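Student: coords below, sequence missing:
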């Protein structure tokens, strides 16, 4: 792979807690439990930025 082909990981814009890998990633990234993530998603929807703001961790996204 050429250097210009290297890409950094870009998490999906929507959080899908049905995907175990995503749930674990966002739980760690936002320093929140899965239940806290569920509650945030119920309140503001699955958009990662909205969830982070609701959790008070906007700097994490």
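Tutor: Great, that's in hand. Note that the structure is predicted; figures quoted are calculated from it, not measured. Numbers count the residues shown, from 1 in each chain.
Student: List the residue ranges of this structure that fall below the pLDDT cut-off.
Tutor: Low-confidence segments of the chain (pLDDT under 70): 1-7, 9.
Student: which residue packs closest to residue 58, ignoring adjacent ones?
Tutor: Residue nearest to residue 58 in three dimensions, not counting chain neighbours: residue 52, with 5.1 Å by Cβ to Cβ, 6 or more residues apart in numbering. Using the backbone N, CA and C atoms, a C-beta is placed for each residue, glycine as well.
Student: hang on, that neighbour packs against residue 44?
Tutor: No: the pair residue 52 / residue 44 is not scored as a contact, 9.8 Å apart, by Cβ atoms under 8 Å.
Student: Overlap in contacts, the two.
Tutor: Shared contacts of residue 52 and residue 44, defined by Cβ atoms under 8 Å, 6 or more residues apart in numbering, are absent.
Student: Helix or strand: which one has the most centrally placed residue in the chain?
Tutor: Closest residue to the average C-alpha location of the chain: residue 26 at 3.9 Å, with Cα atoms, centre = their mean. Using DSSP states H and E, the element containing residue 26 is helix 20-29.
Student: circling back: in contact with the residue lying closest to the residue nearest to the centre of the chain once chain neighbours are set aside, which residues are there?
Tutor: In this structure, residue 26 finds its nearest non-sequential neighbour in residue 15, 5.2 Å apart by Cβ to Cβ, 6+ apart. Counting by Cβ under 8 Å, 6+ apart, residue 15 touches 22, 26, 37, 41, 46, 47, 48, 51.
Student: repeat that for 7 Å
Tutor: Listed by Cβ atoms under 7 Å, 6 or more residues apart in numbering, the contact set of residue 15 reads 22, 26, 37, 41, 46, 48, 51.
Student: Check the gap between it and residue 33 for me.
Tutor: 14 Å (Cβ to Cβ, to the nearest Å).
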